[in-house]
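> Need coordinates for the following:
(one chain, ligands or ions: 2)
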Amino acid sequence: MFSSNAHSFMFSCELYPQCKSGIGGWSSGSDFSASQRRRSAPSRVTCCASTSSSGKTHGGFLMEEEASGTSTIAGGGVRDVYGEDRATEDQGVTPWNVSVSCGYTLLRDPHFNKGLAFNDKERDSHYLRGLIPPSVLSQETQVKKMIQHIRQYEVPLHKFVAMMDLQGRNERLFYRLLLDHVEELLPVVYTPTVGEACQKYGNIFMSPQGLYISLKDKGRILEVLRNWPERNIQVIVVTDGERILGLGDLGCQGMGIPVGKLSLYTALGGVRPSSCLPITIDVGTNNENLLNEEFYIGLRQKRATGQEYADLLQEFMNAVKQNYGEKILVQFEDFANHNAFDLLEKYRSTHLVFNDDIQGTASVVLAGLIAALKLVGGDLPDHKFLFLGAGEAGTGIAELIALETSKRTNLPVEEMRKNIWLVDSKGLIVDSRKESLQHFKKPWAHEHEPVEELVDAINDIKPTVLIGTSGRGRTFTKEVIEAMASLNEKPIILSLSNPTSQSECTAEEAYTWSQGRAIFASGSPFDPVEYDGKVFMPGQSNNAYIFPGFGLGLIMSGTIRVHDDLLLAAAQALASQVAEEDYDKGLIYPPFSNIRKISAHIAAKVAAKAYELGLATNIPQPKDLMKFAESSMYTPAYRDYR
Ligand SMILES: O=C([O-])CC(=O)C(=O)O
Ligand SMILES: [Mg+2]
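Ligands and ions are numbered 1, 2, ... in the order given. The predicted structure follows:
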């Protein structure tokens, strides 16, 4: 263990370079002589700090803690996963210092604020005396208090607002709380509640989170990026708000999604919060309600399309690379189909891009299917798949299944696609419709008579697996589930659309209508269901299992492009984490309570594959990637300021 006394480490950073010390502000070394003390508190103090409990080393160098800001460690000799120089233990102690605000300003700085957890010494050195009550609480006690506070609210949106409020006040406490109560709080900060939050974003938000880039910023996007206070960004989650979950066009109010996804990058995947940048690109909205809404936060105009849209996105992608370099990961989130596929196609060979709705969802579903084989028997090529919904998620999952089956059989992907059928709003996708199909649907137009209804398609195709990616709730009717149950001893039914209101069926419907035989998972969480004296535990098939670990794997290996084999590696890694006791409960996903371990596994496997494919640039490859991933992770324990 890295002893904080023996090894204080140094970094000096100006987290807010454009906000220089301000009135009366001064910055000095950690030693304040009496004569230096002023009557009014300085706004920033440069102080030595050390990790309170989690500073740790791996492979001889410091991981995780304090990578934010610009490290000025001299002679560190080692470059960590965040691309910053680190002192090695055997090179001796290199103290670090961090420029933190103090006094009133410190209490309002969520990155450094600890609330009542500031100890007496810190209260002295940081001019906090009198600004907070005398009691000193541990972080553990604060967590206990906060979870009680959150539980008092009955309305999920109120819980959400309380969590956002905490995130804006005390970041480390927010992440500690989220991690310690992950299964309880995931539905609060993420789907389904985040969907409602986006719908009401204009009403509930008092302080902005994330970066807004709009049509008004055309020609100045680089400048806008540079207004963001953090420098060492490693992951951007970006949306244009056109298809927020299954809720449609929410325009600028889609910002809740990148913010929520990046909170999960940190909580579930251990990527430092200061490395994460949520972005919403506002090109207008076609949502009339929002355009007429008094408190709408975005541009009041119809969506820009065509060349105007493409140019803005091109400028954005150029600016991102110019500002953050080759290894910046850009995760596209909740773009509408017509842009999502094109953007991925356009930028996948020049940037490190990942579309969560196409690729992340595909990977998590493939993992669930691999795991489900243990419960239903057979191998992937023995199964037949039918989708309701042929957009990003549907075709993305279908393609990854075809790829994995092709690897398992050594047969061409085209051949494997024949086992996979998709139904869209016009019925079964068949060859006679080929001319009029969007390009991403064409590979799925197999030879068959036209079929309009889902239930008829089920009776014709006889799938073993039914997957809902339609964005339309209650479309897996009793008839549909019963048809699946009459064809299969254990029908696999995945109802993936989010949030809960858009889920193709509820867990209760899936279990009841299949007489308790369905292997069921959904995109948004459902409570356990009691049927016929037995309790059924629905799994959650959500890309939140994948993208945090996947992203960490890319970052820690310095991977510069996303290859489909990395998605397969992530799926296999996730499937391998399903334990016997999970299978005994009929689950095809491991519990979220183990998510840090699961993410580390995914990161390690993704990184290993990236090294194998020659896509990783962080050389040499760490010997033990699992350990490396674990030790790379941000821990939200407080640091001591002294
Ligand atoms: O956000 C989620 O819960 C999953 C997802 O990407 C989507 O539904 O678009
Ligand atoms: Mg999404």
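
> Next to ligand 1 in this structure, residues from the stretch 301-450 of the chain, please.
By the criterion of CB under 6 Å from any ligand atom, the positions of the stretch 301-450 of the chain lying close to ligand 1 are Asp334, Asp356, Asp357. C-beta: built from backbone N, CA, C; applies to glycine.

> pLDDT at the last one, what is it?
Right, Asp357. Asp357 carries a pLDDT score of 98 in this model.

> give the contact list for it.
For Asp357, the residues meeting the contact criterion (CB atoms under 8 Å, 6 or more residues apart in numbering) are Phe332, Glu333, Asp334, Phe335, Ala340, Glu392, Ala393, Gly396, Asn543.

> So which of these reach ligand 2?
Subset of the contacts of Asp357 in contact with ligand 2: Glu333, Asp334, counting by CB under 5 Å from the ion.

> Emit the ChimeraX select command for whichever of the contacts of Asp357 are buried.
Here is the ChimeraX command that selects only those of the contacts of Asp357 that count as buried (16 or more other CB atoms under 10 Å):
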select :332,333,334,335,340,392,393,396,543
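
> Can you list which of the contacts of Asp357 are found in strands?
Members of these lying in strands (criterion: DSSP state E): Phe332.

> Which of the helices and strands in this protein ranks last by mean pLDDT?
strand 61-63 (a mean of 26; mean pLDDT, DSSP states H and E).

> re earlier: and which of the residues of the stretch 301-450 of the chain next to ligand 1 is nearest Ala600?
Each of those was scored against Ala600 by CB to CB, and Asp356 proved nearest at 19.6 Å.

> how near is the closest one to Leu178?
With the distance defined as CB to CB, to the nearest Å, Asp356 ends up 19 Å from Leu178.

> okay, the two: which has more neighbours?
Asp356 (29 against 25; other CB atoms under 10 Å).

> Identify the residues contacting the more buried one.
Val237, Lys261, Gln331, Phe332, Glu333, Asn543, Phe547.

> What are the phi and psi values at it?
Phi and psi for Asp356, reported as degrees, to the nearest 10, are phi -60, psi -40.

> contacting residues for Ile328?
With contact taken as CB under 8 Å, 6+ apart, Ile328 is in contact with Ile233, Gln234, Val235, Ile236, Val320, Lys321, His351, Leu352.

> three-state assignment of Leu566?
Assigned state for Leu566: helix (three-state reduction, DSSP: H, G, I helix; E, B strand; the rest coil).

> how much space between it and Ser557?
Remark: distance between Leu566 and Ser557 (CB to CB) = 10 Å.

> so what sits against both of these two?
Between them, Leu566 and Ser557 share the neighbouring residues Val606, Ala610, Leu615, with contact defined by CB under 8 Å, 6+ apart.

> Pretty sure the second one sits against Ile555.
No - in this structure, Ala610 is not within contact of Ile555 by CB atoms under 8 Å, at 10.7 Å.

> Kindly tell me how buried the closest residue to ligand 2 within the stretch 101-250 of the chain is, as a neighbour count.
In the stretch 101-250 of the chain, the residue that lies nearest ligand 2 is Leu245 (6.5 Å; CB to the ion). By the criterion of other CB under 10 Å, Leu245 has 25 neighbours.

> Would you confirm that it belongs to a helix?
No - secondary structure assignment (three-state DSSP) places Leu245 in coil, not in a helix.

> In contact with the residue nearest to it when sequence neighbours are not counted, which residues?
Ranked by CB to CB, 6 or more residues apart in numbering and with sequence neighbours excluded, the top spatial neighbour of Leu245 is Asn498, at 4.2 Å. If you count contacts by CB under 8 Å, 6+ apart, Asn498 has them with Thr191, Pro192, Gly195, Leu245, Gly246, Gly523, Ser524, Asn542.

> How about Val271?
Taking CB under 8 Å, 6+ apart, we find Val271 in contact with Gln234, Val235, Tyr265, Pro548, Gly551, Leu552, Ile555, Tyr634.

> how about the residues of the chain that lie near ligand 1?
Of all the residues in the chain, those lying near ligand 1 are Thr191, Leu245, Asp334, Asp356, Asp357, Asn498, Gly523, Asn542, Asn543, going by CB under 6 Å from any ligand atom.

> Mind doing that once more with 8 Å?
Residues of the chain lying close to ligand 1 by CB under 8 Å from any ligand atom are 190-191, 194, 243-246, 257, 260-261, 333-334, 356-357, 360-361, 393, 496-499, 523-524, 542-544.

> sorry, back to before: turn the contacts of Asp356 into TSV, including pLDDT.
Conversion of these to TSV gives the following (pLDDT from 0 to 100):
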residue	pLDDT
Val237	98
Lys261	98
Gln331	98
Phe332	98
Glu333	98
Asn543	98
Phe547	98
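
> Can you tell me the SS state at the residue nearest to the spatial centre of the chain?
A centroid search over the chain (CA atoms, centre = their mean) returns Lys261, at 3.5 Å, as the residue closest to the centre. Assigned by three-state DSSP, the conformation of Lys261 is helix.

> try the one 10 residues further on
At Val271, secondary structure determined by three-state DSSP is coil.

> can you pick the most crowded of the contacts of Ile328?
Of all the contacts of Ile328, the most densely surrounded is Val235 (28 neighbours; neighbours counted as other CB under 10 Å).

> Tell me which residues touch that one, please.
With contacts taken as CB under 8 Å, 6+ apart, Val235 has the following neighbours: Leu262, Tyr265, Val271, Ser275, Cys276, Leu277, Ile328, Leu329, Gln331, Gly551, Ile555.

> Confirm the second one sits in a helix?
What that stands for is Tyr265. Yes - residue assignment for Tyr265, taken from three-state DSSP, places it within a helix.

> Okay, it and Ala629: tell me how far apart.
Going from Tyr265 to Ala629 by CB to CB gives 14 Å.

> With Ile233 instead?
Look at Ile233 and Ala629: by CB to CB, they are 20 Å apart.

> what's the neighbour count on Gly269?
By the other CB under 10 Å criterion, the neighbourhood of Gly269 contains 31 residues.

> Leaving out the residues flanking it, which one is nearest to it?
Leaving out its chain neighbours, the residue that sits closest to Gly269 by CB to CB, 6+ apart is Pro548, at 2.6 Å.

> Are the helix or strand where the one you found lies and ligand 2 in contact anywhere?
For Pro548, the host element (DSSP states H and E) is helix 547-557. No - Helix 547-557 stays clear of ligand 2 (CB under 5 Å from the ion), getting no nearer than 9.4 Å.

> how many neighbours does Asp527 have?
By the measure other CB under 10 Å, the count of residues near Asp527 is 10.

> who are the neighbours in contact with it?
Ala507.

> Outline the domain layout of the chain.
Using the TED database, the domains assigned to the chain come out as 103-171, 192-351, 378-541, 554-632.

> Show me which residues of stretch 532-544 are buried.
Here stretch 532-544 shows Phe536, Pro538, Gly539, Gln540, Ser541, Asn542, Asn543, Ala544 as buried, counting by 16+ other CB under 10 Å.

> And Gly614, how far from ligand 1?
In this structure, Gly614 and ligand 1 are separated by 30 Å, where distance is defined by CB to the nearest ligand atom, to the nearest Å.

> Surely Phe354 is in a helix?
No - under three-state DSSP, Phe354 falls outside any helix and is assigned strand.

> my read: it touches Glu333, true?
No - proximity of Phe354 to Glu333 does not meet the contact threshold set by CB under 8 Å, at 9.6 Å.

> how far away is whatever residue of the stretch 51-200 of the chain ends up closest to ligand 1 from Gly284?
Residue nearest to ligand 1 within the stretch 51-200 of the chain: Thr191 (3.5 Å; CB to the nearest ligand atom). Look at Thr191 and Gly284: by CB to CB, they are 25 Å apart.

> quick one: Gln502 and Gly246 touch, right?
Yes - contact between Gln502 and Gly246 holds when scored by CB under 8 Å: they sit 3.3 Å apart.

> Now do the shared contacts for these two.
Taking CB under 8 Å, 6+ apart as the contact rule, Gln502 and Gly246 both touch Gly471, Arg472, Gly473.

> All good on my end, thank you.
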